[in-house]
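[1] Sequence first, predicted coordinates after that:
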Amino acid sequence: MKAIRIHEQGGVEVLQIEDLPIPEIESDEVLIRVETAALNHLDLWVRRGIPGVPLPIIMGSEAAGEVIRVGERAHNR
């Protein structure tokens with residue numbers, strides 16, 4: 001999968017497009033094939049240096065796409 005990830009905090013120069021393995025999901029999670037993603041203010045604050053955020057981190061806290069895998073305990077409540 002493609003992801004925008006940061007390994008250190010800073011300006012736009014720290015954003016890196018990376019190829020990552022498709023993650024395994026937990027029993028209460030779903031896996032989404034993302035078709036559209038966006039960066040918002042939270043991503044900006046994380047990139048600039050909110051304390052306590054573990055790095056590296058994948059950016060893009062808003063996304064839309066198709067659910068392709070559902071964990072056995074996942075539900076839509």
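    That came through, no problem. Residues are numbered from 1 along each chain as shown.

[2] give me the beta-bridge partners of the residue nearest to the spatial centre of the chain?
    Closest to where the C-alpha atoms of the chain average out (CA atoms, centre = their mean) is Ile58, at 4.2 Å. Using DSSP bridges, the bridge partners assigned to Ile58 are Arg5.

[3] now Thr36
    Applying DSSP bridges, one finds that Thr36 bridges with Ala64.

[4] Surely the residue nearest to the centre of the chain is in contact with Lys2?
    No - using CB atoms under 8 Å as the test, Ile58 is too far from Lys2 to be in contact (10.3 Å). Where C-beta positions appear, they are placed from N, C-alpha and C, glycine not excepted.

[5] intersection of neighbour lists for these two?
    Leu20 (CB atoms under 8 Å, 6 or more residues apart in numbering).

[6] hmm, who's touching stretch 29-43?
    With CB under 8 Å, 6+ apart as the criterion, stretch 29-43 contacts 4, 22-23, 25, 59-71, 74.

[7] so where is the chain shaky, pLDDT-wise?
    Applying pLDDT under 70 to the chain picks out no residues at all.

[8] Surely Lys2 touches Ile22?
    No - applying CB under 8 Å, one finds Lys2 not in contact with Ile22, separated by 10.9 Å.

[9] which residues does the residue nearest to the centre of the chain contact?
    3-5, 20 are the contacts of Ile58 under CB under 8 Å, 6+ apart.

[10] what's the most distant pair in those?
    Farthest-apart pair in these is Ile4 and Leu20; separation 10.6 Å (CB to CB).

[11] more crowded one of these two?
    Ile4 (16 against 11; other CB atoms under 10 Å).

[12] Share the number of residues neighbouring Ala37, please.
    For Ala37, the neighbour count with other CB under 10 Å is 16.
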